[in-house]
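> could you work out the structure for the sequence below:
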Amino acid sequence: MPALRQARVCDHGAIVGCVQRWWTDSRTPEQARELSLLLPRLFLQFFSATSLVLEDGSDIRAFLVGFHSADNDTEAYIHFVGVDPELRGQGVARDLYASFFRRAAEAGRAEVRAITSPTNTGSIAFHRAMGFAVERGDREIGGLSVHTDYDGPGQDRVCFHRSL
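The predicted structure is shown next:
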């Protein structure tokens with residue numbers, strides 16, 4: 001039975017490997033490798049206490065990398081979430097988010113934020129189902145409010161927030 005635990009710095013290599021394997025169903029191996037670059041070791045060096053790993057024996061089956069804002073003591077942020085394709089659709093991501101929400105609230109955080117690409121319809125639907133609201137951006141794409149160039153030129157993002 002998988003067990004949820006706090007992430008550790010030593011999980012970094014395994015998590016990167018998971019991203020590179022798990023996302024090959026929707027990306028080329030090169031694109032999956034590029035996606036894994038969103039998870040440099042520093043996230044686990046500095047935010048392991050607020051990040052989660054679902055482990056089955058010695059295998060990581062899901063993870064959530066998130067942190068509490070250093071600049072705003074009422075906010076937390078979910079940076080990256082991954083679930084083994086064999087477990088998708090079983091509520092694993094929902095449980096990771098619920099655990100992160102509970103821990104953030106216990107630490108005095110009142111709001112959680114997240115972002116995704118405007119083309120990631122699955123992520124948009126999931127965040128809405130989890131009670132996130134879309135923040136008003138500077139333009140709309142297909143009726144969806146988007147922040148233009150949020151992560152650099154041509155890197156538009158949908159920004160979410162959710163009260164705890």
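
> tell me where the chain has strands.
3-6, 52-56, 59-68, 75-83, 111-116, 133-134, 139-141, 144-146, 158-163 (DSSP state E).

> TSV for the ones you listed, including mean pLDDT?
Below are these laid out as TSV (pLDDT from 0 to 100):
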stretch	mean pLDDT
strand 3-6	96
strand 52-56	97
strand 59-68	97
strand 75-83	98
strand 111-116	98
strand 133-134	98
strand 139-141	94
strand 144-146	97
strand 158-163	98
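
> can you list the domains in this protein?
1-109, 113-164 (automatic domain parsing).

> in TSV: those domains, plus mean neighbour count.
The way it works is simple: take the backbone N, C-alpha and C, and place the C-beta from them, glycine included. Below are the domains of the chain laid out as TSV (neighbours: other Cβ atoms under 10 Å):
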stretch	mean neighbour count
domain 1-109	16
domain 113-164	15
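
> now the lowest-mean-pLDDT helix or strand in the chain against strand 75-83, angle please.
For the chain, using mean pLDDT, DSSP states H and E, the weakest element among its helices and strands is helix 29-36, scoring a mean of 90. Orientation of helix 29-36 against strand 75-83 (axes from the mean of the first three to the mean of the last three Cα atoms, to 10 degrees) gives an angle of 150 degrees.

> got the contact list for helix 29-36?
Under the contact criterion Cβ atoms under 8 Å, 6 or more residues apart in numbering, helix 29-36 has outside partners 16, 19-24, 27.
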